[in-house]
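The following block contains a protein sequence and its predicted model.
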Amino acid sequence: MTSLLHRLNYEMADTLQKAAGSLVQVRSGRGGAGAGTIWHPNGLIVTNAHVVAQGALRVSLPDGTDLPARILARDEGLDIAVLEVDRTGLPTIEPGESKRLKPGHWVLALGHPWGVRGAATAGVVIGVGSEWPEGPSQGRDWIAVSMPLRPGNSGGPLVDVRGRLLGINTLITGPEVGMAVPVHVVKRFLREALGSGHSAPPTRVW
């Protein structure tokens, strides 16, 4: 049993390390900092609309490069924003199957809580769907998770145990309860805002 747990421990760390290759930090003119997820190797980044609410934007890439960013599309109702930076060959993340999530599935979140770069946390899915009596934006899909999300996690990736993107971390609704925008909602938004060619990453680059 000890050997199995040891192997699982290192496999999980390796999974998160790969997913972290797509994690960026997004800073706005107001002085706050959130996270973002590289969606396309040619500089397309997905984050939350509230992360880029005001001010000039800058993005710190996984290699430490700091670049100005511009907003290509933004929807406050969905709390999704798409940014672009002038860089190619960026590492992307493989989309997962958010529609197949069930309560009890293990998930992990990456971000920069309280400014701690590249931090990770884990928990389980509480539920998926649009019926959340105490949740935001009634009538639209969410992933509810039991895990400690903090300021700075917003815009970062929520991933499954294989490191595939399930959603974009968005907000906290109660003690140890967080919400994420499902990746199928992100795909639909990208398709409607930017065209079908941006609805999924064309390749996976590590």
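Good, I have the coordinates. All values derive from a computational prediction rather than experimental measurement.

just for the protein, where's the confidence low?
1, 5-6, 30-31, 131-139, 196-206 (pLDDT under 70).

report the longest helix in it, please.
In the chain, with assignment by DSSP state H, the single longest helix is helix 2-19.

what's the following helix or strand past that one in contact with?
On the C-terminal side of helix 2-19, the nearest following helix or strand under DSSP states H and E is strand 23-27. Defining contact as CB atoms under 8 Å, 6 or more residues apart in numbering, one finds that strand 23-27 is touched by 33-38, 45, 47, 51-52, 57-62, 69, 83, 110-112, 117-118, 155-157. Yep, even glycine has a C-beta here, placed from its N, CA and C like the rest.

Buried subset of the residues you listed, written for ChimeraX?
Per 16 or more other CB atoms under 10 Å, the buried members of these correspond to this ChimeraX selection:
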select :33,34,35,36,37,38,45,47,51,52,57,58,59,60,61,62,69,83,110,111,112,117,155,156,157
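
Kindly state the beta-bridge partners for the spatially most central residue of the chain.
For the chain, Pro157 is the residue whose C-alpha lies nearest the centre (CA atoms, centre = their mean; 2.4 Å). Beta bridges link Pro157 to Ile168, judged by DSSP bridges.

Just to check, it is in contact with Val107?
No - if you go by CB atoms under 8 Å, Pro157 and Val107 don't touch, sitting 10.1 Å apart.

between those two, what contacts are shared?
Joint contacts of Pro157 and Val107 (CB under 8 Å, 6+ apart) are Leu166.

shouldn't Ser154 be in contact with Gly178?
No - look at Ser154 against Gly178 with CB under 8 Å: they stay out of range, at 9.8 Å.

so how far is the longest helix of the chain from its chain's centroid?
Taking CA atoms, centre = their mean, to the nearest Å, the mean C-alpha location of helix 2-19 is offset from the chain mean by 21 Å.

Run the angle between that helix and strand 23-27 for me.
Per axes from the mean of the first three to the mean of the last three CA atoms, to 10 degrees, the angle that helix 2-19 makes with strand 23-27 is 50 degrees.

What helices and strands are in contact with helix 2-19?
strand 106-111, strand 157-159 (3 or more CB pairs under 8 Å, 6 or more residues apart in numbering; DSSP states H and E).

so what strands line up beside whatever helix or strand comes next after the first one?
The reference is to strand 106-111. Counting by DSSP H and E, the element after strand 106-111 in chain order, helix or strand, is strand 119-129. Next to strand 119-129 in the sheet, as set by DSSP bridges, lie strand 106-111 (antiparallel), strand 142-146 (antiparallel).

Redo the ones you listed as CSV? Include distance to Met12.
Below are the strands paired with strand 119-129 laid out as CSV (distance: least, CB to CB, whole Å):
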stretch, distance to Met12
strand 106-111, 8
strand 142-146, 17
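
Could you say which one of the ones you listed comes nearest to Val161?
strand 106-111 (5.5 Å; CB to CB).
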